[in-house]
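Asks: how does the following fold in three dimensions:
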Amino acid sequence: MRPCVIAIDATVVSPTLPSYISETLKGNLFDDAAEIKNANHLQGCNERERGFLPIAFNVHGGVGPDIARQWLHSIFAASFVRERMMGRSGVDTARRRELFMQSLHAVSTKGTDMMLSYCLSPNSSSRDTNPRARAYPARG
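Replies: Below you'll find the predicted structure:
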């Protein structure tokens, strides 16, 4: 039996942008983002016998679609059960899960900040092919 390999594709969406507003009002923002990711990558992952999980973060802290949220929470299931079997409340695992989710939001926020800085910079017209190089200059 082959080990389970899962490809994860994360994206950041802003529910207040004109391109997302109609899906936001319908409550489909995360599902719409996942459909786009699935259309681009699901078939290729199936052909390579890999799982695929699209995850969308919105700039206000939400995570979706539901399957992505469930998967993120499932990472901590065994820890919670172990903690409860030891007679504890599960609060330690809940705190670790909360810190993990906060870290994911911080990373997505930093990525959004980098993207906006790149797109709004005066030099963006030259379309640097490596915006991370500008965001993190070499130290010497």
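Asks: in contact with residue 10, which residues are there?
Replies: Listed by Cβ atoms under 8 Å, 6 or more residues apart in numbering, the contact partners of residue 10 are 54-57, 108. Any C-beta I mention is one placed from the backbone N, CA and C, and that applies to glycine too.
Asks: repeat for residue 72
Replies: Residue 72 neighbours (Cβ under 8 Å, 6+ apart): 55, 63, 100-101, 104.
Asks: picking that back up, and the contacts of residue 10, which of them are buried?
Replies: Neighbour-count burial (16 or more other Cβ atoms under 10 Å) is assigned, among the contacts of residue 10, to 54-57, 108.
Asks: need the contacts of residue 72 in JSON lines (columns: distance to residue 29 and secondary structure).
Replies: Output for these, formatted as JSON lines (distance: Cβ to Cβ, whole Å; DSSP: H, G, I helix; E, B strand; the rest coil):
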{"residue": "55", "distance to residue 29": "13", "secondary structure": "strand"}
{"residue": "63", "distance to residue 29": "11", "secondary structure": "strand"}
{"residue": "100", "distance to residue 29": "22", "secondary structure": "helix"}
{"residue": "101", "distance to residue 29": "18", "secondary structure": "helix"}
{"residue": "104", "distance to residue 29": "17", "secondary structure": "helix"}
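Asks: touching, residue 42 and residue 53? I think so.
Replies: No - using Cβ atoms under 8 Å, residue 42 is not in contact with residue 53; the gap is 10.0 Å.
Asks: what about the residue lying closest to residue 92 once chain neighbours are set aside, which helix or strand?
Replies: Spatial nearest neighbour of residue 92, chain neighbours left out: residue 83 (5.9 Å); criterion: Cβ to Cβ, 6 or more residues apart in numbering. For residue 83, the host element (DSSP states H and E) is helix 77-85.
Asks: who are the packing partners of that helix?
Replies: helix 91-120 (3 or more Cβ pairs under 8 Å, 6 or more residues apart in numbering; DSSP states H and E).
Asks: which regions of this protein lie under the pLDDT threshold?
Replies: Counting by pLDDT under 70, the chain has low-confidence residues at 1-3, 124-140.
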